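Undergrad: Give the three-dimensional model of this entry:
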Amino acid sequence: MRGNVGEEIRVRNEPFRGTVRAVEEADGYFGERVAAGYDESCAEMFEPTALNATVGVLAELADSGRALELGIGTGRVALPLARRGVPVCGIDLSRAMVARLRAKPGGEEIAVTIGDFATARAEGAFSLVYLVFNTIMNLTTQDAQVACFRNVAAHLEPGGCFVVEVGIPDLRRLPPGETVVAWQAGPAGCAFDRYDVATQAMSSNYVLMEDGRAEFRSIPFRYVWPSELDLMARIAGLRLRTRWGGWNREPFTSESRQHVSIWEKPAR
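TA: Numbers count the residues shown, from 1 in each chain. Alright, predicted model coming up:
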C-alpha cells in the first residue's frame, strides 16, 4: 500500500488513533530517527552467518574490479565486502544513514554519492553494481525502477554484473477482498504490509507502543516481479545470467520467498 502518512489509517476497517510520524524530507523515509536505530532493528541481518554468503557471492562477481552499492545505508554489506579487498563506492539518499557508515571502522574510506540511486552518478566504471535487502522497492514507480536499470548499465563496465536481492510479494497470504498482511504483533506494537494489486503499490506500516501512546509510521514501496525485472534489464541492454532462491545459490522455484538475480552487461 502506498499510503499517505498523513491520512487516517484503517486496518481491517478499524481507525488508527495516535501520532502519525511524517517523512523526514531531506533523507526520504530513512531520516535521523530511523537511522539511529536501524542497525539494532535489523541486527539479525548483520550476523556473519547472514552476511558471509552474500559477501562471498559479491566478492566473486567483483573479481578484481570495483563495486558500487545502491542504497548503501549504514554499510551492512559494503564494509565486510571492502574488508575482502574489493574497492566499494555507494549511492544513498539519506545523509543520516551514511553518517552511521562514516562512524564505523573503514567507513570514511568508502566514497558515497548522496542522491537518488535511480539517477545519481558515481565517479568511474564498475565491474559490479548491487542492490540488496529489497531496496529496489524503495523506488515507488515503474519508471523509477526502469531508470535505475539504465543508470546501472551506464555505470557497468562491459562484462560487468548487476545483482538484485528482493522478496517475492506475499500475495498468497491475502484473503479474498483483503489488502493487509500482518507480520508482527506484540506488546511493543505491530507491523503489517498493505497491498494494492492493481498498481503494485504497497507499504510497510508500523504501530509502535510506548508509555501508553501509539505512533504510526508508514514506508511506501512498489513490489516487482522477477519477469518484470528481466524486461527492465533488457530495456537497459542487460541480460539475465542466473537467478537463485537465495545467497546460498539454492534453486529459484514457485515456493521461493525471495530471489537473487544477476544480469550482465554484454562485453563489446
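Undergrad: Look at residue 202 and tell me its secondary structure.
TA: strand (DSSP: H, G, I helix; E, B strand; the rest coil).
Undergrad: Which residue ranges of the protein form strands?
TA: Assigned by DSSP state E, the strands in the chain fall at 10-11, 14-15, 19-20, 67-70, 88-92, 111-114, 126-131, 156-167, 180-186, 189-196, 201-210, 213-222, 239-244, 258-264.
Undergrad: Could you single out the most deeply buried of those strands?
TA: Comparing the strands of the chain by mean neighbour count (mean count of other Cβ atoms under 10 Å), strand 67-70 comes out on top with a mean of 28. All C-beta atoms are positioned from the backbone trio N, CA, C, and that covers glycine.
Undergrad: Could you say which one of the strands of the chain comes nearest to residue 79?
TA: Nearest of the strands of the chain to residue 79, taken as Cβ to Cβ: strand 88-92 at 8.1 Å.
Undergrad: which stretch among the strands of the chain comes nearest residue 139?
TA: With Cβ to Cβ as the criterion, residue 139 lies closest to strand 213-222 of the strands of the chain, at 6.5 Å.
Undergrad: and the closest one with strand 189-196, angle?
TA: 30 degrees (axes from the mean of the first three to the mean of the last three Cα atoms, to 10 degrees).
Undergrad: For the strands of the chain, which has the smallest mean pLDDT value?
TA: For the strands of the chain, mean pLDDT drops lowest on strand 10-11, to a mean of 35.
Undergrad: before we move on, the earlier item: ok, which of the strands of the chain comes nearest residue 144?
TA: Taking the strands of the chain one by one with Cβ to Cβ, strand 213-222 is closest: 8.0 Å.
Undergrad: The closest one: partners in the sheet, and parallel or antiparallel?
TA: strand 19-20 (parallel), strand 201-210 (antiparallel) (DSSP bridges).
Undergrad: Adding distance to residue 40, write the strands of the chain out as CSV.
TA: Shown next, in CSV, are the strands of the chain (distance: least, Cβ to Cβ, whole Å):
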stretch, distance to residue 40
strand 10-11, 26
strand 14-15, 30
strand 19-20, 21
strand 67-70, 21
strand 88-92, 19
strand 111-114, 22
strand 126-131, 23
strand 156-167, 21
strand 180-186, 15
strand 189-196, 15
strand 201-210, 14
strand 213-222, 16
strand 239-244, 29
strand 258-264, 23
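Undergrad: Which one, of those strands, ends up nearest to residue 44?
TA: strand 180-186 (13.5 Å).
Undergrad: Next, format the strands paired with strand 213-222 as TSV and append distance to residue 77.
TA: TSV is the format used below for these (distance: least, Cβ to Cβ, whole Å):
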stretch	distance to residue 77
strand 19-20	32
strand 201-210	20
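Undergrad: got a list of what the residue nearest to residue 90 when sequence neighbours are not counted touches?
TA: In space, and not counting its chain neighbours, residue 90 is closest to residue 72: 2.9 Å by Cβ to Cβ, 6 or more residues apart in numbering. Counting by Cβ atoms under 8 Å, 6 or more residues apart in numbering, residue 72 makes contact with 78, 90, 91, 92, 97, 98, 101, 110, 112.
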